[in-house]
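[1] here is my input, please return the structure:
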Amino acid sequence: MHIALMFERMLLNNDRSFEQLNTKEMSATEEEFYSVARNIFHSAESRYNIKVDDYELSLMYELFKPMLLK
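    The predicted model follows:
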């Protein structure tokens, strides 16, 4: 559900800008998550001319964190 709403937000309001994530403060699990997520969304970004920003990825990480840290 989050991904569908995320795409809708990006398609309707593409002029948002958020600060970049500080990668120095990220754990190895977070770094891997962001790397994999960016690769997953790459084709959708190209196809729909959007950019999944760090803010959206951080929201997604918070949703998945309990499952990733097991």
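
[2] in stretch 60-70, what counts as buried?
    Using 16 or more other CB atoms under 10 Å as the burial criterion, the residues of stretch 60-70 that qualify are 60-61. C-beta here means a position set from N, CA and C on the backbone, and glycine is covered the same way.

[3] distance between it and the chain's centre?
    Between the centre of stretch 60-70 and the centre of its chain there are 13 Å (CA atoms, centre = their mean, to the nearest Å).

[4] contact partners of it?
    2-3, 6, 29-30, 33-34, 37 (CB atoms under 8 Å, 6 or more residues apart in numbering).

[5] count of neighbours near M6?
    Counted with other CB atoms under 10 Å, residues neighbouring M6 total 19.

[6] related to what we said a few turns ago, give me the buried subset of the contacts of stretch 60-70.
    Buried, going by 16+ other CB under 10 Å: 6, 30, 33-34, 37, out of the contacts of stretch 60-70.

[7] quick revisit: spatially, which two of the contacts of stretch 60-70 are the most separated?
    Every pair in the contacts of stretch 60-70 was compared (CB to CB); the two farthest apart turn out to be M6 and T29, at 20.9 Å.

[8] do I have it right that A37 meets L59?
    No: using CB atoms under 8 Å, A37 is not in contact with L59, being 11.0 Å away.

[9] the residue nearest in space to the middle of the chain: what secondary structure?
    The chain has L57 as the residue nearest its centroid, 2.0 Å off, counting by CA atoms, centre = their mean. L57 carries the three-state label helix when classified by DSSP: H, G, I helix; E, B strand; the rest coil.

[10] pull the contacting residues for it.
    Residues 21, 33-34, 37-38 are the ones in contact with L57 under the rule CB under 8 Å, 6+ apart.

[11] ok, now how distant is I3 from M60?
    I3 sits at a distance of 8 Å from M60 (criterion: CB to CB, to the nearest Å).

[12] wait, I50
    For I50, the distance to M60 (CB to CB) stands at 15 Å.

[13] this completes my enquiry, with thanks.
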